[in-house]
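1. Dropping a prediction and its sequence here:
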Amino acid sequence: MADRHILHASDVTIEYPAHSVSAAHTAVRGVTLTVAPGEIVGLVGSSGSGKSTLAQVASGQAAVRTGNDGSPRVVGGSLEVLGYEMRGLKRRKLAEFTLGVGYVAQDAGSRLTSNMTVAELVAEPLFLRDKRFDRNEAGLRAATLVDALLLPVGTMLKQPHELSSGQRQRVAVARGLILDPVLLIADEPTAGVDVSVRGAVIDVIAGLQRSRGASALIVSHDLESLRRAVDRVAVIHEGVVVGLGTMDEVFDDPRHPYVASLAAELHDHEELHADDHEVEDDEDDEFEDDRFEDDYDIEDAAAGENGIAGGVAGDGDDAR
Ligand SMILES: Nc1ncnc2c1ncn2[C@@H]1O[C@H](COP(=O)(O)OP(=O)(O)OP(=O)(O)O)[C@@H](O)[C@H]1O
(Lines give C-alpha, C1' and ligand atoms only; values in the text may rest on other atoms or scores of the structure.)
Protein backbone atom coordinates (compact mmCIF):
# COMPACT_ATOMS: atom_id res chain seq x y z
CA MET A 1 0.00 0.00 0.00
CA ALA A 2 2.62 2.52 1.15
CA ASP A 3 4.85 1.87 -1.86
CA ARG A 4 2.24 3.32 -4.21
CA HIS A 5 2.89 6.67 -2.57
CA ILE A 6 5.88 8.94 -2.91
CA LEU A 7 5.31 10.03 0.68
CA HIS A 8 3.20 8.19 3.21
CA ALA A 9 2.90 9.51 6.75
CA SER A 10 0.86 7.17 8.87
CA ASP A 11 -0.07 8.47 12.33
CA VAL A 12 3.42 9.92 12.55
CA THR A 13 4.63 11.66 15.70
CA ILE A 14 7.83 13.68 15.63
CA GLU A 15 9.67 14.90 18.67
CA TYR A 16 12.61 17.15 19.46
CA PRO A 17 14.59 15.28 22.11
CA ALA A 18 15.27 16.77 25.52
CA HIS A 19 18.57 18.61 25.67
CA SER A 20 20.41 20.53 28.40
CA VAL A 21 17.64 22.41 30.21
CA SER A 22 14.74 21.91 27.79
CA ALA A 23 12.38 18.97 27.93
CA ALA A 24 11.45 16.89 24.88
CA HIS A 25 8.95 18.64 22.62
CA THR A 26 6.40 16.92 20.39
CA ALA A 27 6.03 19.05 17.24
CA VAL A 28 3.99 16.71 15.01
CA ARG A 29 1.24 14.56 16.51
CA GLY A 30 -0.28 11.59 14.74
CA VAL A 31 -0.21 13.05 11.24
CA THR A 32 -1.51 10.95 8.36
CA LEU A 33 -0.78 12.32 4.90
CA THR A 34 0.08 10.97 1.48
CA VAL A 35 1.64 12.39 -1.66
CA ALA A 36 0.99 10.35 -4.79
CA PRO A 37 3.26 10.16 -7.85
CA GLY A 38 2.79 13.36 -9.86
CA GLU A 39 0.83 15.01 -7.06
CA ILE A 40 1.46 18.52 -5.75
CA VAL A 41 0.45 18.96 -2.12
CA GLY A 42 0.44 22.23 -0.18
CA LEU A 43 1.14 22.31 3.56
CA VAL A 44 -0.19 25.29 5.46
CA GLY A 45 -0.45 26.19 9.12
CA SER A 46 0.30 28.87 11.66
CA SER A 47 3.78 29.61 12.91
CA GLY A 48 5.08 26.81 15.12
CA SER A 49 2.49 24.28 13.91
CA GLY A 50 5.09 21.73 12.82
CA LYS A 51 5.35 22.30 9.05
CA SER A 52 9.13 22.75 8.94
CA THR A 53 9.64 19.85 11.32
CA LEU A 54 7.68 17.53 9.05
CA ALA A 55 9.47 18.90 5.96
CA GLN A 56 12.90 18.43 7.57
CA VAL A 57 12.25 14.86 8.62
CA ALA A 58 10.58 13.87 5.32
CA SER A 59 13.50 15.29 3.33
CA GLY A 60 16.05 13.26 5.33
CA GLN A 61 17.70 16.44 6.61
CA ALA A 62 17.04 15.56 10.22
CA ALA A 63 18.73 12.19 9.69
CA VAL A 64 21.81 13.86 8.19
CA ARG A 65 22.75 15.06 11.65
CA THR A 66 23.96 12.59 14.21
CA GLY A 67 23.61 11.75 17.85
CA ASN A 68 21.60 13.76 20.30
CA ASP A 69 22.07 17.06 18.47
CA GLY A 70 18.52 18.27 18.98
CA SER A 71 17.29 17.15 15.54
CA PRO A 72 13.65 16.08 15.36
CA ARG A 73 12.98 12.37 15.11
CA VAL A 74 10.07 10.07 14.43
CA VAL A 75 8.94 8.54 17.73
CA GLY A 76 5.58 7.10 16.70
CA GLY A 77 3.81 5.81 13.62
CA SER A 78 5.69 5.76 10.34
CA LEU A 79 6.89 8.14 7.67
CA GLU A 80 7.83 6.49 4.43
CA VAL A 81 9.34 8.54 1.61
CA LEU A 82 10.30 6.97 -1.74
CA GLY A 83 9.98 3.63 -0.01
CA TYR A 84 12.47 4.53 2.76
CA GLU A 85 11.22 4.48 6.34
CA MET A 86 12.39 7.70 7.95
CA ARG A 87 12.05 6.29 11.44
CA GLY A 88 15.58 5.18 12.17
CA LEU A 89 16.87 5.79 8.62
CA LYS A 90 20.49 4.64 8.52
CA ARG A 91 23.09 7.19 7.47
CA ARG A 92 24.49 4.84 4.83
CA LYS A 93 21.09 4.87 3.10
CA LEU A 94 20.90 8.66 3.14
CA ALA A 95 22.98 9.46 0.05
CA GLU A 96 20.88 7.07 -2.02
CA PHE A 97 17.67 8.50 -0.56
CA THR A 98 18.55 12.17 -1.09
CA LEU A 99 19.25 11.57 -4.80
CA GLY A 100 15.51 11.39 -5.30
CA VAL A 101 14.43 14.12 -2.90
CA GLY A 102 15.04 17.82 -3.39
CA TYR A 103 14.79 20.01 -0.31
CA VAL A 104 14.59 23.76 -0.11
CA ALA A 105 14.88 24.86 3.51
CA GLN A 106 13.02 27.88 4.82
CA ASP A 107 16.28 29.82 5.06
CA ALA A 108 18.00 28.18 2.05
CA GLY A 109 18.47 31.50 0.27
CA SER A 110 20.46 32.95 3.14
CA ARG A 111 22.71 29.88 3.31
CA LEU A 112 24.05 29.98 -0.25
CA THR A 113 27.85 29.89 -0.44
CA SER A 114 28.82 33.54 -0.67
CA ASN A 115 31.75 33.39 -3.11
CA MET A 116 30.05 31.40 -5.87
CA THR A 117 28.06 32.79 -8.77
CA VAL A 118 24.43 31.89 -9.24
CA ALA A 119 25.43 29.80 -12.30
CA GLU A 120 27.81 27.76 -10.12
CA LEU A 121 25.43 27.52 -7.18
CA VAL A 122 22.53 26.23 -9.25
CA ALA A 123 24.68 23.76 -11.20
CA GLU A 124 26.68 22.51 -8.19
CA PRO A 125 24.36 19.60 -7.24
CA LEU A 126 24.95 18.12 -10.72
CA PHE A 127 28.70 18.02 -10.07
CA LEU A 128 28.29 16.77 -6.52
CA ARG A 129 26.37 13.82 -7.97
CA ASP A 130 28.68 13.31 -10.94
CA LYS A 131 31.92 15.24 -11.06
CA ARG A 132 32.26 14.56 -14.79
CA PHE A 133 28.86 15.98 -15.67
CA ASP A 134 28.98 17.91 -18.95
CA ARG A 135 29.65 21.54 -18.09
CA ASN A 136 27.86 23.09 -21.04
CA GLU A 137 24.81 21.01 -20.26
CA ALA A 138 25.02 22.06 -16.59
CA GLY A 139 25.20 25.73 -17.58
CA LEU A 140 22.24 25.36 -19.89
CA ARG A 141 20.13 23.57 -17.28
CA ALA A 142 20.99 26.19 -14.64
CA ALA A 143 20.16 29.05 -17.03
CA THR A 144 16.86 27.43 -17.98
CA LEU A 145 15.81 27.14 -14.34
CA VAL A 146 16.96 30.65 -13.44
CA ASP A 147 14.96 31.95 -16.37
CA ALA A 148 11.91 29.84 -15.48
CA LEU A 149 12.01 31.29 -11.97
CA LEU A 150 11.78 34.77 -13.47
CA LEU A 151 15.08 36.03 -12.21
CA PRO A 152 16.57 39.04 -14.01
CA VAL A 153 18.75 38.14 -16.99
CA GLY A 154 22.04 39.17 -15.38
CA THR A 155 21.53 37.03 -12.27
CA MET A 156 23.66 34.10 -13.45
CA LEU A 157 26.91 35.99 -13.06
CA LYS A 158 26.09 37.52 -9.70
CA GLN A 159 26.97 36.34 -6.21
CA PRO A 160 24.35 35.96 -3.48
CA HIS A 161 25.21 39.26 -1.76
CA GLU A 162 24.29 41.09 -4.96
CA LEU A 163 20.75 39.70 -4.89
CA SER A 164 17.68 40.50 -2.84
CA SER A 165 16.58 37.91 -0.27
CA GLY A 166 13.69 36.85 -2.51
CA GLN A 167 16.02 36.40 -5.47
CA ARG A 168 18.36 34.30 -3.29
CA GLN A 169 15.44 32.11 -2.26
CA ARG A 170 14.59 31.59 -5.95
CA VAL A 171 18.20 30.57 -6.59
CA ALA A 172 17.81 28.01 -3.79
CA VAL A 173 14.64 26.72 -5.46
CA ALA A 174 16.53 26.33 -8.77
CA ARG A 175 19.22 24.37 -6.89
CA GLY A 176 16.54 22.14 -5.41
CA LEU A 177 15.06 21.43 -8.83
CA ILE A 178 18.19 20.86 -10.89
CA LEU A 179 18.52 17.15 -10.15
CA ASP A 180 14.94 16.54 -11.33
CA PRO A 181 13.88 15.18 -7.94
CA VAL A 182 11.10 12.62 -7.75
CA LEU A 183 9.86 14.64 -4.77
CA LEU A 184 10.63 18.28 -4.07
CA ILE A 185 10.01 19.43 -0.52
CA ALA A 186 10.03 23.21 -0.52
CA ASP A 187 9.67 25.03 2.80
CA GLU A 188 8.42 28.56 2.12
CA PRO A 189 9.99 28.76 -1.36
CA THR A 190 8.59 32.28 -1.73
CA ALA A 191 9.99 33.66 1.55
CA GLY A 192 11.02 37.24 0.83
CA VAL A 193 9.97 36.95 -2.83
CA ASP A 194 8.24 40.01 -4.29
CA VAL A 195 4.48 39.65 -4.18
CA SER A 196 4.22 40.14 -7.96
CA VAL A 197 6.18 36.95 -8.70
CA ARG A 198 5.30 34.80 -5.67
CA GLY A 199 2.50 32.96 -7.45
CA ALA A 200 4.68 32.40 -10.50
CA VAL A 201 7.41 30.74 -8.40
CA ILE A 202 4.93 28.25 -6.94
CA ASP A 203 3.46 27.70 -10.42
CA VAL A 204 6.92 26.91 -11.81
CA ILE A 205 7.65 24.39 -9.05
CA ALA A 206 4.28 22.71 -9.54
CA GLY A 207 4.46 22.88 -13.34
CA LEU A 208 7.96 21.44 -13.63
CA GLN A 209 7.31 18.63 -11.19
CA ARG A 210 3.94 17.75 -12.68
CA SER A 211 5.28 17.76 -16.26
CA ARG A 212 7.76 15.03 -15.29
CA GLY A 213 5.26 13.01 -13.28
CA ALA A 214 7.17 14.06 -10.15
CA SER A 215 5.68 15.29 -6.89
CA ALA A 216 6.04 18.24 -4.55
CA LEU A 217 5.20 19.12 -0.98
CA ILE A 218 5.10 22.90 -0.77
CA VAL A 219 4.99 24.64 2.61
CA SER A 220 3.56 28.11 2.12
CA HIS A 221 1.49 30.82 3.77
CA ASP A 222 0.35 31.98 0.36
CA LEU A 223 -3.06 30.34 0.02
CA GLU A 224 -3.91 32.30 -3.08
CA SER A 225 -0.90 30.88 -4.97
CA LEU A 226 -1.44 27.39 -3.59
CA ARG A 227 -5.02 27.43 -4.82
CA ARG A 228 -3.81 27.69 -8.41
CA ALA A 229 -0.97 25.20 -8.13
CA VAL A 230 -1.74 22.31 -5.80
CA ASP A 231 -3.84 19.19 -6.19
CA ARG A 232 -4.50 18.94 -2.45
CA VAL A 233 -3.70 20.87 0.68
CA ALA A 234 -3.07 19.78 4.26
CA VAL A 235 -3.73 22.24 7.08
CA ILE A 236 -1.71 21.61 10.19
CA HIS A 237 -2.47 23.21 13.54
CA GLU A 238 -0.49 22.59 16.73
CA GLY A 239 1.08 19.51 15.15
CA VAL A 240 -2.22 17.97 14.06
CA VAL A 241 -3.76 17.81 10.56
CA VAL A 242 -7.07 19.69 10.80
CA GLY A 243 -7.90 19.88 7.10
CA LEU A 244 -6.98 17.69 4.13
CA GLY A 245 -8.31 17.60 0.59
CA THR A 246 -8.61 19.79 -2.47
CA MET A 247 -8.61 23.52 -1.75
CA ASP A 248 -12.37 23.59 -2.33
CA GLU A 249 -13.02 20.61 -0.08
CA VAL A 250 -10.97 22.11 2.74
CA PHE A 251 -11.95 25.78 2.52
CA ASP A 252 -15.51 25.80 1.19
CA ASP A 253 -16.99 24.13 4.24
CA PRO A 254 -14.42 24.42 7.04
CA ARG A 255 -15.03 22.39 10.19
CA HIS A 256 -12.11 23.45 12.33
CA PRO A 257 -11.92 27.05 13.65
CA TYR A 258 -8.35 27.48 12.37
CA VAL A 259 -9.33 26.29 8.89
CA ALA A 260 -12.32 28.65 9.06
CA SER A 261 -10.00 31.58 9.79
CA LEU A 262 -7.85 30.67 6.78
CA ALA A 263 -10.96 30.30 4.61
CA ALA A 264 -12.06 33.82 5.61
CA GLU A 265 -8.59 35.14 4.77
CA LEU A 266 -8.68 33.44 1.38
CA HIS A 267 -12.17 34.73 0.68
CA ASP A 268 -11.17 38.34 1.54
CA HIS A 269 -8.15 38.03 -0.71
CA GLU A 270 -10.17 36.73 -3.61
CA GLU A 271 -12.76 39.51 -3.25
CA LEU A 272 -9.99 42.08 -3.24
CA HIS A 273 -8.54 40.65 -6.44
CA ALA A 274 -11.90 40.39 -8.15
CA ASP A 275 -12.44 44.11 -7.45
CA ASP A 276 -9.01 45.13 -8.53
CA HIS A 277 -8.09 43.94 -11.99
CA GLU A 278 -6.37 47.20 -12.82
CA VAL A 279 -3.98 46.92 -9.90
CA GLU A 280 -3.18 43.39 -11.00
CA ASP A 281 -2.31 44.67 -14.49
CA ASP A 282 0.01 47.26 -12.95
CA GLU A 283 1.74 44.53 -10.96
CA ASP A 284 2.29 42.59 -14.16
CA ASP A 285 4.00 45.64 -15.61
CA GLU A 286 6.22 45.91 -12.55
CA PHE A 287 7.06 42.26 -12.87
CA GLU A 288 8.27 42.75 -16.45
CA ASP A 289 10.47 45.53 -15.16
CA ASP A 290 11.82 43.30 -12.36
CA ARG A 291 13.03 40.72 -14.86
CA PHE A 292 15.14 43.29 -16.65
CA GLU A 293 15.78 45.49 -13.67
CA ASP A 294 19.55 45.28 -13.49
CA ASP A 295 22.15 47.15 -15.48
CA TYR A 296 22.71 44.45 -18.10
CA ASP A 297 21.37 45.27 -21.50
CA ILE A 298 20.29 42.52 -23.83
CA GLU A 299 23.74 42.30 -25.44
CA ASP A 300 25.44 41.92 -22.06
CA ALA A 301 22.88 39.29 -21.15
CA ALA A 302 23.65 37.28 -24.27
CA ALA A 303 27.35 37.51 -23.49
CA GLY A 304 26.51 36.44 -19.94
CA GLU A 305 24.61 33.44 -21.15
CA ASN A 306 27.54 32.42 -23.28
CA GLY A 307 29.69 32.89 -20.24
CA ILE A 308 27.48 30.75 -18.02
CA ALA A 309 28.76 27.42 -19.19
CA GLY A 310 32.26 28.87 -19.29
CA GLY A 311 31.90 30.07 -15.71
CA VAL A 312 30.82 26.67 -14.55
CA ALA A 313 33.49 24.99 -16.64
CA GLY A 314 36.21 27.28 -15.37
CA ASP A 315 35.31 26.72 -11.76
CA GLY A 316 34.10 23.19 -12.09
CA ASP A 317 36.73 21.84 -9.74
CA ASP A 318 35.70 24.24 -7.01
CA ALA A 319 32.09 23.40 -7.63
CA ARG A 320 32.74 19.82 -6.68
N1 LIG B 1 15.30 22.66 17.66
C2 LIG B 1 14.13 22.65 18.31
N3 LIG B 1 14.04 22.14 19.56
C4 LIG B 1 12.86 22.10 20.23
N5 LIG B 1 11.68 22.54 19.71
C6 LIG B 1 11.71 23.05 18.46
C7 LIG B 1 12.93 23.14 17.70
N8 LIG B 1 12.64 23.69 16.50
C9 LIG B 1 11.30 23.95 16.51
N10 LIG B 1 10.75 23.57 17.69
C11 LIG B 1 9.34 23.67 18.08
O12 LIG B 1 8.59 22.74 17.31
C13 LIG B 1 7.32 23.31 16.98
C14 LIG B 1 7.13 23.24 15.48
O15 LIG B 1 8.10 24.11 14.87
P16 LIG B 1 8.20 24.25 13.29
O17 LIG B 1 9.40 25.08 13.01
O18 LIG B 1 8.11 22.92 12.69
O19 LIG B 1 6.88 25.09 12.96
P20 LIG B 1 6.43 25.76 11.58
O21 LIG B 1 5.00 25.40 11.41
O22 LIG B 1 7.37 25.41 10.51
O23 LIG B 1 6.56 27.31 11.93
P24 LIG B 1 7.00 28.51 10.96
O25 LIG B 1 5.86 28.73 10.01
O26 LIG B 1 7.17 29.65 11.92
O27 LIG B 1 8.25 28.09 10.29
C28 LIG B 1 7.30 24.72 17.56
O29 LIG B 1 6.63 24.68 18.81
C30 LIG B 1 8.75 25.04 17.76
O31 LIG B 1 8.94 25.92 18.83
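-> Everything's here; your move.
2. Quick check: Tyr103 touching Ser52?
-> No: using C-beta atoms under 8 Å as the test, Tyr103 is too far from Ser52 to be in contact (11.1 Å). C-beta here means a position set from N, CA and C on the backbone, and glycine is covered the same way.
3. Name the residues contacting each of those two.
-> Asp187 (C-beta atoms under 8 Å, 6 or more residues apart in numbering).
4. Please, which helix or strand holds Arg175?
-> Using DSSP states H and E, Arg175 maps to helix 165-177.
5. Run through the neighbouring helices and strands of whichever helix or strand comes after that helix.
-> Sequence order places strand 183-187 as the next helix or strand after helix 165-177, per DSSP H and E. Counting contacts by 3 or more C-beta pairs under 8 Å, 6 or more residues apart in numbering; DSSP states H and E, strand 183-187 packs against helix 51-58, strand 101-104, helix 165-177, helix 195-211, strand 215-219.
6. of all those, which lies closest to the ligand?
-> Distance to the ligand, taken as C-beta to the nearest ligand atom, is lowest for helix 51-58 among the helices and strands packed on strand 183-187, at 3.1 Å.
7. how distant is the closest one from the center of its chain?
-> Centre-to-centre, helix 51-58 and its host chain are 12 Å apart (C-alpha atoms, centre = their mean, to the nearest Å).
8. again, but for stretch 152-161
-> 20 Å.
9. Same question for it: list its buried residues.
-> Neighbour-count burial for stretch 152-161 flags Pro152, Val153, Gly154, Thr155, Met156, Leu157, Lys158, Pro160 (criterion: 16 or more other C-beta atoms under 10 Å).
10. The fourth one and Ser164 touch, don't they?
-> No: the pair formed by Thr155 and Ser164 falls short of the contact definition of C-beta under 8 Å, at 10.5 Å.
11. any idea of the mean pLDDT in the strand or helix carrying Leu94?
-> For Leu94, the element it lies in under DSSP H and E is helix 91-100. If you average the pLDDT over helix 91-100, you get 86.
12. Other residues contacting that helix?
-> By C-beta under 8 Å, 6+ apart, the surrounding residues in contact with helix 91-100 are 59-60, 63-64, 66, 81-82, 84, 89, 129, 179, 181-183.
13. For these, work out which two are farthest apart.
-> Across those, the longest distance by C-beta to C-beta is 25.5 Å; it joins Thr66 and Val182.
14. ok, the two, which is more surrounded?
-> It is Val182, of Thr66 and Val182, that has more neighbours when counted by other C-beta atoms under 10 Å, with 18 against 8.
15. Now the more buried one: phi and psi?
-> Dihedral angles of Val182 (phi, psi; degrees, to the nearest 10) stand at phi -70, psi -30.
16. Wait, it touches Leu82, no?
-> Yes: contact between Val182 and Leu82 holds when scored by C-beta under 8 Å: they sit 6.2 Å apart.
17. what is in contact with these two at once?
-> Here Val182 and Leu82 share the contacting residues Ile6, Gly100, Val101, scored by C-beta under 8 Å, 6+ apart.
18. which parts of the chain sit against the ligand?
-> Contact residues, the chain versus the ligand (C-beta under 6 Å from any ligand atom): 16, 25, 27, 45, 47-53, 70, 106.
19. how about CSV for the helices and strands packed on strand 183-187, with mean neighbour count added?
-> Formatted as CSV, those follow (neighbours: other C-beta atoms under 10 Å):
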stretch, mean neighbour count
helix 51-58, 25
strand 101-104, 25
helix 165-177, 25
helix 195-211, 20
strand 215-219, 27
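20. Relative to Val12, which of these is closest?
-> Judged by C-beta to C-beta, the one of the helices and strands packed on strand 183-187 that comes nearest to Val12 is helix 51-58, at 8.0 Å.
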